[in-house]
Structure formats: structure tokens, C-alpha cells
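# Fold the stuff below for me.
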Amino acid sequence: MRLIGALLLITCSLSPAQAADVSVVGNWSELIDSNDLTAGAGSDLRSPIESGSALATVDISATGGSSWAVKVSKSDINWPTGVSIAVRRTSDGTGAGTISGGTGYLIVTGTEQTLFSGSGDRSGIQLQLKTENLSIGDAPDTYGATLTYRVE
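Purely as a prediction, here's the structure:
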């Protein structure tokens, strides 16, 4: 039986915004092994592989009630061709501001995209990640990517 000993490592980093104070806390690492095979020896890996629903937390403050948008992009550290990473918002967080969008998975690429938007201060906004198309044919390795979140 061939095992994939891959470690998925997704880290969250943040670019500062001029109009707001923002923090993102969270990372994901996943050991892929024989328990992730769909039907035992000789089968492929299950897909998708998801993190917990509260993998990362986003806080947005000092907005002065202004509108904002959270953008996301990806930089590959070592990532197999054809494997995607997606992110979604799993909570509204709390606060006097509003929040909308981002509850469906967004496939993250090297091009910055809007994940969700809102206005005013919000805290405790939770994010979830998933990866798809990781295969038994991908070489056993430690794979990683960095997701960068920016508020505009």
C-alpha cells in the first residue's frame, strides 16, 4: 500500500489597511495518510478535505463606520498542480457594522479577489478552508501555500 505523507499548511497573513485596524489569526495543517483513502489500498484520496469551520478569525476595527472589503490571494510555497484551495466565511462575527457575501467557497488564486464586504467594526468573523483534487498520484511531500488577506 502506498501512503501519501503530505502535510497541507495554509497560513494567514495580512496586509495593513489605511482606514482600519485588521487582524487575522489562524493556520491549517493536515496530515494526509491511509485514513484519507476513499476505499482502502489502491484507491484515491477523499476530496474535498476541509478544515474546521472556525479555522481562522478576522477582526476589523477603527473603521469609523466606513465600508470595507476583505480581499484574498494565494502564494504557493510548494503546491501540486491542479490542487485548489478555497475559503469561505462561516460566521458574521459581532459588532455594530454590517457584513455580506463570502458564505460560499471562493477558489483562491494568485490574483486578489473580494471574499466578503461590510461596514463598521466587526470582530470574530470565522473562516473555513478546503482543498480539492489532491491525489494519490501527487508525490509524498510537505505542501504549503500562504493566503494573504487585505482590507480595502
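# thinking Gly52 is in contact with Gln128, fair?
Yes: with contact defined as Cβ atoms under 8 Å, Gly52 reaches Gln128; the gap is 7.0 Å. Bear in mind the C-beta positions are built from the backbone N, C-alpha and C, glycine included.
# who's the residue lying closest to Trp68 once chain neighbours are set aside bridged to?
Leaving aside its sequence neighbours, Trp68 sits nearest to Val151 (Cβ to Cβ, 6 or more residues apart in numbering; 5.2 Å). Going by DSSP bridges, Val151 is paired in beta bridges with Val70.
# From Gln126, how far off is Val151?
16 Å (Cβ to Cβ, to the nearest Å).
# ok, these two, which is more surrounded?
Val151 (22 against 18; other Cβ atoms under 10 Å).
# hang on, isn't that one packed against Ser23?
No: counting by Cβ under 8 Å, Val151 stays clear of Ser23, with 10.4 Å between them.
# what stretches of the protein score poorly on pLDDT?
Low-confidence segments of the chain (pLDDT under 70): 1-19.
# re earlier: the more surrounded of Gly52 and Gln128?
Gln128 (20 against 12).
# Identify the residues contacting that one.
Glu50, Ser51, Gly52, Ser53, Ala54, Leu55, Val87, Arg88, Thr90 (Cβ atoms under 8 Å, 6 or more residues apart in numbering).
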